[in-house]
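1. Okay, structure incoming, though there's no sequence with it:
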Ligand SMILES: Nc1nc2c(ncn2[C@@H]2O[C@H](COP(=O)(O)OP(=O)(O)OP(=O)(O)O)[C@@H](O)[C@H]2O)c(=O)[nH]1
Ligand SMILES: [Zn+2]
């Protein structure tokens, strides 16, 4: 519980603020509903264009988030710790840029520090800042790795992302149960096979 008596992480479960939706955005959603075969003026759909528009602001809130900013505060007093730091199994949601359909997955993000570390939650914040945009999984993986590489200047970065794409499971080829795996290895994790094996083993992908 926080000081105000709310459950920890309460700001994540507050109702979405009712930001004003521009008329043309709501009209576009109403057009889509009509095109899908329904009547946007019927009672159950009356507020849907505004709701959908606000939902999309939330799904795409990463455009208002500067990923590099999350890595600006680092800690140097880590008792000489110079082994792998791994944040494993981070759940995330994104949307594919081809169909704007959900991408749901997990990321494993590791780095080998040189002389400082970052607060561990910041690795997840970097992931979400890029995931909450229209994406392809390859670019998401590369952007997360590149951001950590540039922001922390570590000896190595390894990012592995496993995800399921609703554009493949719920439509199109309709193949449920398939997962896409992408990875980006930088520094020692790219150049040294032993380090790469070690980080992949820690990720459970040895
Ligand atoms: N490489 C990659 N492809 C993706 C990702 N998300 C979606 N796709 C693919 O993007 C492709 C878009 O292909 P198009 O032929 O233009 O679109 P489409 O006719 O809807 O294709 P189908 O999904 O095969 O029905 C599809 O093959 C999707 O599976 C991603 O993150 N990475
Ligand atoms: Zn897609």
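-> Yes, it's here. Since this is a predicted model, take the numbers as computed values, not measurements. Ligands and ions are numbered 1, 2, ... in the order given.

2. Chain neighbours aside, what residue packs nearest to residue 33?
-> residue 40 (4.3 Å; C-beta to C-beta, 6 or more residues apart in numbering). The C-beta positions use only the backbone N, C-alpha and C, and glycine is treated the same way.

3. Tell me who's in contact with the one you found.
-> 29-30, 33-34, 46, 48-49 (C-beta atoms under 8 Å, 6 or more residues apart in numbering).

4. can you put the residues you listed in CSV and add neighbour count and distance to ligand 2?
-> Conversion of the contacts of residue 40 to CSV gives the following (neighbours: other C-beta atoms under 10 Å; distance: C-beta to the ion, whole Å):
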residue, neighbour count, distance to ligand 2
29, 20, 19
30, 19, 24
33, 17, 21
34, 13, 23
46, 12, 30
48, 18, 23
49, 21, 23
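
5. returning to what we had before: gap between the residue nearest to residue 33 and residue 115?
-> 58 Å (C-beta to C-beta, to the nearest Å).

6. do residue 45 as well
-> 57 Å.

7. Give me the sheet partners of the worst-scoring helix or strand of the chain on mean pLDDT and which way each runs.
-> Taking mean pLDDT, DSSP states H and E as the measure, the helix or strand of the chain with the lowest value is strand 74-75, at a mean of 92. In the sheet, strand 74-75 lines up against strand 117-118 (antiparallel) (DSSP bridges).

8. Write out the residues of this protein neighbouring ligand 1.
-> 96, 98, 136-138, 165, 167-168, 172-173 (C-beta under 6 Å from any ligand atom).

9. Can you tell me which of these are classed as buried?
-> 96, 136-137, 165, 167-168 (16 or more other C-beta atoms under 10 Å).

10. want to try CSV for those residues, with pLDDT, secondary structure and distance to residue 125 as columns?
-> What follows is those, written out as CSV (pLDDT from 0 to 100; DSSP: H, G, I helix; E, B strand; the rest coil; distance: C-beta to C-beta, whole Å):
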residue, pLDDT, secondary structure, distance to residue 125
96, 98, strand, 22
136, 98, coil, 21
137, 98, helix, 19
165, 97, strand, 23
167, 96, helix, 26
168, 95, helix, 28
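
11. of all these, which two lie farthest apart?
-> 136 and 168 (12.8 Å; C-beta to C-beta).

12. State the mean pLDDT of stretch 65-72.
-> Stretch 65-72 shows a mean pLDDT of 97.

13. Mind listing what's buried along it?
-> 67, 70-71.

14. Quick check: the farthest pair among the contacts of residue 40?
-> 34 and 46 (13.6 Å).

15. on that earlier part again, for residue 181, state which of the buried residues of stretch 65-72 is nearest.
-> residue 67 (22.1 Å).

16. Quick check: the closest one vs ligand 2, distance?
-> For residue 67, the distance to ligand 2 equals 22 Å [C-beta to the ion, to the nearest Å].
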